[in-house]
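Colleague: Fold the following, please.
(one chain, ligands or ions: 1)
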Amino acid sequence: MQVKEIERLSGCTGHRRRQNCTNRCFHHKYRAIDGSCNNLRHPTWGSSHTGFRRVLQPIYENGFSMPVGWEKGRRYYGYPKPAARLVSTTLISTHAITSDDQISHMVMQWGQFLDHDLDHALPSVSSESWDGIDCKKSCDNAAPCFPMEVPPGDPRISNRRCIDFIRSSAVCGSGATSILWGDLMPREQLNQLTSYLDASQVYGYDDKLGRDLRDFTTDRGLLREGPTFPGHKPLLPYASGQFVDCRRNPLESSINCFVAGDIRANEQVGLLAMHTLWLREHNRIARALREMNPHWNGEKLYQEARRIVGAEMQHITYRHWLPRIFGSTIEDSMLGSYRGYDPNVDASISNVFATAALRFGHSLIQPRLERLNASFQPIPQGPLNLRDAFFAPWRLVEEGGVDPLIRGMYATAAKLKLPEQNLNVELTEQLFRTAHAVALDLAAMNIQRGRDHGLPGYVKWRDYCNMSRVETFEHLINDISSARVRQKLRELYGHPNNIDVWVGGILEDQLPGMKVGPLFKCLLLEQFRRTRDGDRFWYENPSIFRAEQLVQIQQVSLARILCDNGDNITRVQPNVFLLPESRNDFVNCDEIPYVDLNAWSDCCENCEDRDNTISRVRREAEKYFAPSRDYVKDTDSLSREEKIEYLQRMFDESNRETKRLQQQSDNLSRRMKELELFLKDIKTQ
Ligand code: HEM
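Modeller: As a prediction, the model looks like this:
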């Protein structure tokens, strides 16, 4: 009660309370929708609405809650912190664009979609300060407003002193409210989402949203579908007024936002197309499972399809996407191969990963989205400038559906990050222009957010990552090779210790073959290792899928997802993260491997009377008489104990299956005998 009152008065948000995970049967089998009870000893680890994990202690101006730069003119290492907007216009924003010659724009789109599975810093509950100041109207620093000052001579904004910015919500009992608890604690921010790579952007992050997304009108385990237009597959359901309003310009369209598992789904139409494909993938799988297992109820169909979808996303991310970022396979990168679930690893998303490192992806975004027809030619409406893609779901409905956007992403290049070409101007000068008096600036927001969250500076993180010591700007030469960039950094920051972590990280030269420099590589690996090893439901954990199911999951590719769920995608290159070229050229969809869901076929105990018994038995038999598996290879990476556990399980399972098949075969023989006798009877009558 007291916490609720403090929440109400101060705008902080309560941390998730303890979970007891009493429903062991459920928690052993399936993920909770909010990520709780994944780690049974630490049930809140990685669950939604818990604080981000700190790798380094935060730095606040007053030691516990005010961001650096709060007090105007305050000096650090002899220099004031530069305005975030000034850093953006001086060093980050670019009109000039160079396209990558290897990776497709799909690398960007998967990155954003993935991020929306992993983290969302909960915004402050209200955009008004305690004194009733509206963050959109005032340029004063008054909680929760932390406006970004517009420097004199700004290239775009001349009629305003600031760009509005609202601080992320604080965990109750941290920062300012920690005083009420009598124990001063630095301010911590909350992750609205589950930290696990669990497809929460499809299924939601709490019970309420999770249920709202499901279709309970039938018992088929489906997600709710929205409108279906002729010649197209279903779209996401429309949102019923919550979150954001997409009808910002009634002259354009009256189509509202769509609803998905993450509230940012409508942020740009490319992202929305991706959400739409994965809604369809869930329903495609749930329908196929039902076909095979008519005795499964809706809950089972939903949970099993959800488990497969989550596993597909993990496989695509670790086997196909990360290698494009780190330029090598998982085994070759510092991530190493999977060695099993480690319950001592906390998979919660770190603050620096969400607030800085993963935002490297902003440097891959092209200023316009290509939209291509089935012959890979532009559609009549042409490409879409990013500024027109924000919160414009109507374009998905009225301008050709998901296919043109998706083809544009896999058939054209991502933006290449160069020392002086970091974020395109659509992002720094045109962001969300219809909803704000002055368009936002994503680069400035990244910087301001880092300060809001108390992230230590770039140099501190270099130390953490065992990079060389930096005392002057010249010491940066090995990682930021451009002399012009170092000079501008000096002019802006005065002292290297003042460089914001996102700025230093994004300005580093990319390592050979990679899309990030050494700092972000280190911080991304720190998280991606935990996301894999600390997830009890990780798809390669031998207790999650049967061996023959895992083999099937490993067949998946994003290309297959596009073929199966696009409206009419028929040609695609096998690796959609790489541009189509001779070794990765367009092929027909039927040449792309698929996940054979027969591995999920499950004979029921009392189904002998059903008319498909014979075909089911045949299918089952085929499965178990399939060429023998290479168990030596399958268990290669496991420890001795894990090997024993795995093989024992395989043995028990095969034993059970043999008995079941034996029983069914006996039943069938009996029935054949009866039929034979019956036939004889009739013939002799
Ligand atoms: C057109 C594409 C994109 C747009 C318009 C966009 C826009 C945004 C915006 C407005 C924010 C919130 C900034 C703030 O208030 O702090 C944000 C946060 C973020 N973005 Fe993007 N973004 C895009 C693509 C990407 C990509 C490709 C990645 C990664 C590969 C990415 C990673 C992130 C991350 C990690 C956050 C922080 C999320 C959180 O935990 O709150 N974004 N982005």
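
Colleague: Please make it C-alpha for all contacts and neighbour counts, starting now.
Modeller: Fine.

Colleague: Flag every residue of this structure that's near the ligand.
Modeller: Proximity of the chain to the ligand (C-alpha under 6 Å from any ligand atom) is limited to residues 108-109, 111-112, 115, 119-121, 354-355, 358-359, 361-362, 442, 445-446, 449.

Colleague: Mind checking which of those land in helices?
Modeller: In this view, the residues of the chain next to the ligand that belong to helices under DSSP state H are M108, Q109, G111, Q112, D115, A354, T355, L442, M445, N446, R449.

Colleague: which residue sits closest to the second one in space, ignoring its chain neighbours?
Modeller: Counting by C-alpha to C-alpha, 6 or more residues apart in numbering, the nearest residue to Q109 once its immediate chain neighbours are dropped is L271, at 6.6 Å.

Colleague: do you know how far the one you found is from G111?
Modeller: Spatial separation of L271 from G111 under the definition C-alpha to C-alpha, to the nearest Å is 10 Å.

Colleague: again with H120
Modeller: Distance from H120 to G111, counting by C-alpha to C-alpha: 14 Å.

Colleague: from the chain's centre, how far out does stretch 54-62 sit?
Modeller: Shown here is stretch 54-62, whose average C-alpha point lies 26 Å from the average C-alpha point of the whole chain (C-alpha atoms, centre = their mean, to the nearest Å).

Colleague: Just the terminal-to-terminal distance for that stretch.
Modeller: Stretch 54-62 has an end-to-end distance of 19 Å (C-alpha to C-alpha).

Colleague: what comes into contact with it?
Modeller: For stretch 54-62, the surrounding residues in contact (C-alpha atoms under 8 Å, 6 or more residues apart in numbering) are 66-70, 186, 350-352, 453-456.

Colleague: same question for that stretch, mean pLDDT?
Modeller: In this model, stretch 54-62 has a mean pLDDT of 96.

Colleague: Please apply the same query to stretch 417-435.
Modeller: In the prediction, stretch 417-435 has an average pLDDT of 91.

Colleague: Per-residue pLDDT of M1, please?
Modeller: pLDDT, the model's per-residue confidence, is 44 for M1.

Colleague: all strands of the stretch 451-600 of the chain, in order?
Modeller: Taking DSSP state E, counting those that start in this stretch to define them, one finds strands in the stretch 451-600 of the chain at 571-572, 587-588.

Colleague: that older thread, ok, of the contacts of stretch 54-62, which one's closest to G327?
Modeller: If you rank these by distance to G327 using C-alpha to C-alpha, V352 comes first, at 22.2 Å.

Colleague: Please verify my assumption that S195 contacts T50.
Modeller: No: the pair S195 and T50 does not pass the contact test of C-alpha atoms under 8 Å, sitting 9.4 Å apart.

Colleague: Which of those two has more residues huddled nearby?
Modeller: More crowded of S195 and T50, by other C-alpha atoms under 10 Å: S195, with 30 against 26.

Colleague: Distance of the more buried one relative to the ligand?
Modeller: From S195 over to the ligand the distance is 10 Å, taken as C-alpha to the nearest ligand atom, to the nearest Å.

Colleague: Could you tell me which residues within stretch 351-362 count as buried?
Modeller: Judged by neighbour count (16 or more other C-alpha atoms under 10 Å), stretch 351-362 contains these buried residues: N351, V352, F353, A354, T355, A356, A357, L358, R359, F360, G361, H362.

Colleague: Please go through this structure and pick out the longest helix.
Modeller: Ranking each helix of the chain by length (DSSP H) puts helix 640-684 first.

Colleague: Mean confidence (pLDDT) on that helix, please.
Modeller: Computed over helix 640-684, the mean pLDDT rounds to 75.

Colleague: Mind giving me the packing neighbours of that helix?
Modeller: helix 613-624 (3 or more C-alpha pairs under 8 Å, 6 or more residues apart in numbering; DSSP states H and E).

Colleague: got the contact list for whichever residue of the stretch 301-450 of the chain sits closest to the ligand?
Modeller: Of all residues in the stretch 301-450 of the chain, the one sitting closest to the ligand is G361 (3.4 Å; C-alpha to the nearest ligand atom). For G361, the contacting residues are M108, G111, Q112, taking C-alpha under 8 Å, 6+ apart as the criterion.

Colleague: cutoff 7 Å now
Modeller: Contact partners of G361, counting by C-alpha atoms under 7 Å, 6 or more residues apart in numbering, are M108, G111.

Colleague: And G327, by the same measure?
Modeller: G513, M514.

Colleague: which one is the closest residue to the ligand within the stretch 451-600 of the chain nearest to, not counting chain neighbours?
Modeller: Using C-alpha to the nearest ligand atom, the single residue of the stretch 451-600 of the chain nearest to the ligand is D452, 9.2 Å away. With C-alpha to C-alpha, 6+ apart as the criterion, D452 has its nearest non-adjacent residue at 5.1 Å, and that residue is P67.

Colleague: Relative to Y79, how far out is E61?
Modeller: Separation of E61 from Y79 (C-alpha to C-alpha): 14 Å.

Colleague: Name the residues of the lengthiest strand in the chain that are buried.
Modeller: Once the chain is assigned using DSSP state E, the strand that runs over the most residues is strand 99-104. Of the residues in strand 99-104, those scored as buried under the neighbour-count criterion (16+ other C-alpha under 10 Å) are S99, D100, Q102, I103, S104.

Colleague: which strands and helices sit next to that strand?
Modeller: The contact analysis (3 or more C-alpha pairs under 7 Å, 6 or more residues apart in numbering; DSSP states H and E) places strand 99-104 against helix 402-411, strand 413-415.

Colleague: Sheet partners, orientation included, of the last one?
Modeller: In other words, strand 413-415. When pairing is defined by DSSP bridges, strand 413-415 lines up against strand 99-104 (antiparallel).

Colleague: mind listing the strands for the stretch 51-200 of the chain?
Modeller: Along the stretch 51-200 of the chain, the segments classed as strands by DSSP E, counting those that start in this stretch run 75-76, 79-80, 93-94, 99-104, 148-149, 162-163, 190-191.

Colleague: Farthest pair within the contacts of stretch 54-62?
Modeller: Farthest pair in the contacts of stretch 54-62 (C-alpha to C-alpha) is W70 and S350. Separation: 23.7 Å.

Colleague: out of the two, which sits in the more crowded spot?
Modeller: Neighbours per residue (other C-alpha under 10 Å) separate W70 from S350, with S350 holding more: 25 against 19.

Colleague: list the contacts for the more buried one?
Modeller: Counted by C-alpha under 7 Å, 6+ apart, S350 has contacts F52, R53, R54, V55, Q527.

Colleague: Number of residues surrounding the second one?
Modeller: Counted with other C-alpha under 10 Å, the burial measure for R53 works out to 20 neighbours.

Colleague: Contacts only, for it.
Modeller: Counting by C-alpha under 7 Å, 6+ apart, R53 touches S348, I349, S350, N351.

Colleague: list the contacts for the residue nearest to the last one when sequence neighbours are not counted?
Modeller: With C-alpha to C-alpha, 6+ apart as the criterion, N351 has its nearest non-adjacent residue at 5.1 Å, and that residue is F52. If you count contacts by C-alpha under 7 Å, 6+ apart, F52 has them with Q189, L190, N191, S348, I349, S350, N351.
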